[in-house]
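J.: For reference, the sequence and a predicted model appear below.
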Amino acid sequence: MTLSELLKGVTVTKMFQTMYGKMVVTHDVMISGIQYDSRKVQRENLFVALRGVGTDGHKFISSAIANGAKAIVVEDDTSVPDAQCMHAGVVKIVVSNTRKALAQLSANYYGHPSKKMTMIAVTGTNGKTTTTYLIKQMLESFQQHKVGLVGTVENAIGQEKIPATHTTPESLELHQLFARMVEQHCTHCVMEVSSHALHQYRVHGIDFSTAVFTNLTQDHLDYHGTMDAYFQSKKILFDGLSESAVAVINADSEYGNTIVNGTKAKVITYSINAAADVKAENVTLSINGFTAEVHHRPTIEKISTKLVGRFNVYNFLGAYTATFGMPLSTADKQKSFGNLAPAPGRFEQVHAPQGWTAIIDYAHTPDALENCLQAIHDIMPANRANTILTIFGAGGDRDKTKRPKMGAIAERLSDAVIVTSDNPRTEDPQKIIEDILAGMKDKKKIIVQVDRARAIQEGKMMAKPGDIILVAGKGHEDYQVIGTTKHHFNDKEEIAKAV
């Protein structure tokens, strides 16, 4: 692709293209690929220098040039002298924001694949993963669409599973993935959109037909700093919707109404408690799932699913509302709803021959942990004699303020708690645990076991028939980060050893 084709839609503040005194015509410069990691640059690539939290791509421009870059895109004009570009035969392109530029460049390079599918976004603190999984299942079962998925657990093209490294990949990998979806005839793509992705312009320029807001509770304050900044990052998604788009909003969230202030999209609300366009009433919760009557004028549908917990009623409503207008009979829908499954590592149950049950969940925020534990209370008898044992920790190098809050929630809603490690990363695991314990008062019900595998084994030793063990924080993850190294670790495997 020529450089001029690649730069369509990119606002350039300066272009230096003089090589040994001769002006280079951008139409004549052929670009073989795009990279933002200088180590991956190959001959005649375009290198985009991104500023990140821990590093700055402008520091690696010389390395990119040495590896064969034909053009470089920068924010800082002084990061590389014009003379160096001239002698190396490299075109220097200066823009105001390289992340925005990367999104546009990537879309151009891959032929704007997102415009060839119906794009559905889901954002919020909790529930994104399950809601995207439910939307994908509904689209596939209702209308036999081939659906792409982008998310925390995995990416998918129809039934093909692709490992995920981020909730929302960088724009370059994102458009590359979209292109593969289009090649394999996907008609829809449903994706989790994180606050980081919105703040860092990873989804800049994507025309979403539907955007779902699940909720907003404390998380990622290590990155955003304040709840307002976190909220404003989420709001970017709805501010960018067109008049033809639909914004699907959880009306029971305190942020539900304000996040769509100023949106051009049509707003449709869902709820269990508040007045809404789509509302679940007469909800019955059990260990086998939930039943409800879903009201949306003038229709009332009786719903029965295998999804467990009140939080999954919300996840279902978000997905249900996002997939309005599917031309199938009530019987067909009922069959589909009965087969819906949550995402891996989301309230995943393992039943032990000894009679106790383990529930594995990704809950790693105060709200998610409370929702999980409340769901367990909802499905246990009111006069129960059985024990709820919670095993959890908190991630290192992340928001520290949520640790004591999670400790207080675990203590309040559990009969016994084992506080252990999550992904300690470069923090001292014992110090993380001390932060959690600061929110807990009844030390009699608390056990501290830094080693997560041992903590799970100790939980198994304590469990009696009818008891429930909640292992929270890691869910689908198959690793534990200690220091800067990933070690294989999977909660479900550890539970299986215990069983």
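T.: Yes, it's here. Numbering: from 1, shown residues only.

J.: contacting residues for residue 471?
T.: Residues counted as contacts of residue 471 (CB atoms under 8 Å, 6 or more residues apart in numbering) are 358-361, 391-392, 456, 459, 491, 494-495. To be clear about C-beta, it is placed using only N, CA and C from the backbone, and glycine gets the same treatment.

J.: List buried residues within the residues you listed.
T.: Neighbour counting with 16 or more other CB atoms under 10 Å marks 358-361, 391-392, 456, 459, 491, 494-495 as buried within the contacts of residue 471.

J.: ok, so of those, who is nearest residue 67?
T.: Closest approach to residue 67 among the buried ones among the contacts of residue 471 (CB to CB): residue 491, at 40.7 Å.

J.: Distance check, the closest one against residue 441.
T.: Distance of residue 491 to residue 441, given as CB to CB, to the nearest Å: 27 Å.

J.: just residue 479 next, same as before
T.: With distances defined as CB to CB, the gap from residue 479 to residue 441 amounts to 33 Å.

J.: mind showing which ranges of the protein have poor pLDDT?
T.: The model of the chain has pLDDT under 70 over residues 19-27, 143, 325-333, 498-499.

J.: 50 instead, please
T.: Applying pLDDT under 50 to the predicted model, the chain contains no residue that meets it.

J.: Have a look at this structure and report its longest helix.
T.: Ordering each helix of the chain by length in residues (DSSP state H) puts helix 128-143 first.

J.: buried residues in that helix?
T.: Within helix 128-143, the residues that count as buried by 16+ other CB under 10 Å are 128-142.

J.: so what does the following helix or strand past it touch, helix or strand wise?
T.: For helix 128-143, the following helix or strand on the C-terminal side (DSSP states H and E) is strand 147-150. If you count contacts as 3 or more CB pairs under 8 Å, 6 or more residues apart in numbering; DSSP states H and E, strand 147-150 packs onto helix 128-143, strand 154-157, helix 171-183, strand 188-192.

J.: quick one, what contacts the spatially most central residue of the chain?
T.: Closest to where the C-alpha atoms of the chain average out (CA atoms, centre = their mean) is residue 167, at 3.7 Å. The contact partners of residue 167, taken as CB under 8 Å, 6+ apart, are 128, 151-152, 192, 194, 196-197.

J.: tell me the two of the residues you listed that are most distant?
T.: Across the contacts of residue 167, no pair lies farther apart than 151 and 196, at 13.9 Å, counting by CB to CB.

J.: In three-state terms, label the nearest residue to residue 153 once chain neighbours are set aside for me.
T.: Nearest-residue entry for residue 153: residue 476, 4.7 Å, with adjacent residues in sequence omitted and distances by CB to CB, 6 or more residues apart in numbering. Remark: residue 476 carries the secondary structure label coil [criterion: DSSP: H, G, I helix; E, B strand; the rest coil].

J.: For stretch 438-449, give me every contacting residue.
T.: Applying CB under 8 Å, 6+ apart, the contact partners of stretch 438-449 are 403-408, 410-411, 414-420, 433, 437, 455, 458.

J.: Show me which residues of that stretch are buried.
T.: Buried-residue list, stretch 438-449, by 16+ other CB under 10 Å: 439-440, 446-447, 449.

J.: Now find how far off-centre that stretch is within its chain.
T.: The offset between the C-alpha centroid of stretch 438-449 and the centroid of the whole chain comes to 31 Å, using CA atoms, centre = their mean, to the nearest Å.

J.: Span of that stretch from start to end?
T.: With CA to CA, to the nearest Å applied, stretch 438-449 spans 16 Å between its terminal residues.

J.: Based on its surroundings, how many neighbours for the spatially closest residue to residue 262 that is not a sequence neighbour?
T.: Spatial nearest neighbour of residue 262, excluding adjacent residues (CB to CB, 6+ apart): residue 239 at 6.1 Å. Residue 239 is flanked by 15 other residues according to other CB atoms under 10 Å.
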